[in-house]
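*Asks:* dropping the sequence and predicted coords here.
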Amino acid sequence: MVEKYRQYSISQLAKEFDITPRAIRHYEQIGLITPTRVGQNRIYNSADRTRLKLIVRGKRLGLSLEQSREIINMYEPGANNHAQLEKLIDAIRLQRKRLEQQLEELNSMLGDLDQAEAESLAALAAPEVKVRHSA
């Protein structure tokens, strides 16, 4: 069977991308993928699989579903897709900036924890001073 015409079940795609069938149904519900139906069964084609792959990759990069939708919808077969790639690069750079800010905040918090721990250990190691009360 030619890859272009290959069909997939929801369980096959869920297993391949290590996501739940429920997540795939959610992506369908919000219009990110549009499988065909045969009775109660959803049938996914290669285009659906590619879109799902891009959605999962976007999630792993920290993109919102709306950002992924915008980037995916910019794709035009046969075109150079520079606008799509530039949009993706912008989203990646924005996510990187957010993560770098979070990393700075986490490093600051780790420094505060190190200082509090050192002060507490020093207090435990210090000899106790007994105060005599005069009567």
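*Replies:* Looks like it came in fine. Residues are numbered from 1 along each chain as shown.
*Asks:* quick one: low-confidence parts of this structure?
*Replies:* Counting by pLDDT under 70, the ranges of the chain that qualify are 1-4, 77, 129-131, 133-135.
*Asks:* break down it into its helices, ranges please.
*Replies:* For the chain, the helices defined by DSSP state H occupy 10-17, 21-29, 46-61, 65-73, 82-125.
*Asks:* using a markdown table, lay out the ones you listed together with mean neighbour count and distance to Pro35.
*Replies:* Yep, even glycine has a C-beta here, placed from its N, CA and C like the rest. Below are those laid out as a markdown table (neighbours: other C-beta atoms under 10 Å; distance: least, C-beta to C-beta, whole Å):
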| stretch | mean neighbour count | distance to Pro35 |
| --- | --- | --- |
| helix 10-17 | 15 | 8 |
| helix 21-29 | 16 | 6 |
| helix 46-61 | 17 | 5 |
| helix 65-73 | 17 | 15 |
| helix 82-125 | 11 | 23 |
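*Asks:* any chance of JSON lines for those, columns distance to Gly39?
*Replies:* Formatted as JSON lines, the helices of the chain follow (distance: least, C-beta to C-beta, whole Å):
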{"stretch": "helix 10-17", "distance to Gly39": "14"}
{"stretch": "helix 21-29", "distance to Gly39": "16"}
{"stretch": "helix 46-61", "distance to Gly39": "18"}
{"stretch": "helix 65-73", "distance to Gly39": "28"}
{"stretch": "helix 82-125", "distance to Gly39": "36"}
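*Asks:* Thr36: which of those helices is closest?
*Replies:* Between Thr36 and the helices of the chain, the tightest spacing by C-beta to C-beta is seen for helix 46-61, at 8.9 Å.
*Asks:* what is the closest one packed up against?
*Replies:* helix 10-17, helix 21-29, helix 65-73, helix 82-125 (3 or more C-beta pairs under 8 Å, 6 or more residues apart in numbering; DSSP states H and E).
*Asks:* which one of these lies closest to Gln40?
*Replies:* helix 10-17 (11.1 Å).
*Asks:* report the angle between the axes of that closest one and helix 21-29?
*Replies:* 110 degrees (axes from the mean of the first three to the mean of the last three C-alpha atoms, to 10 degrees).
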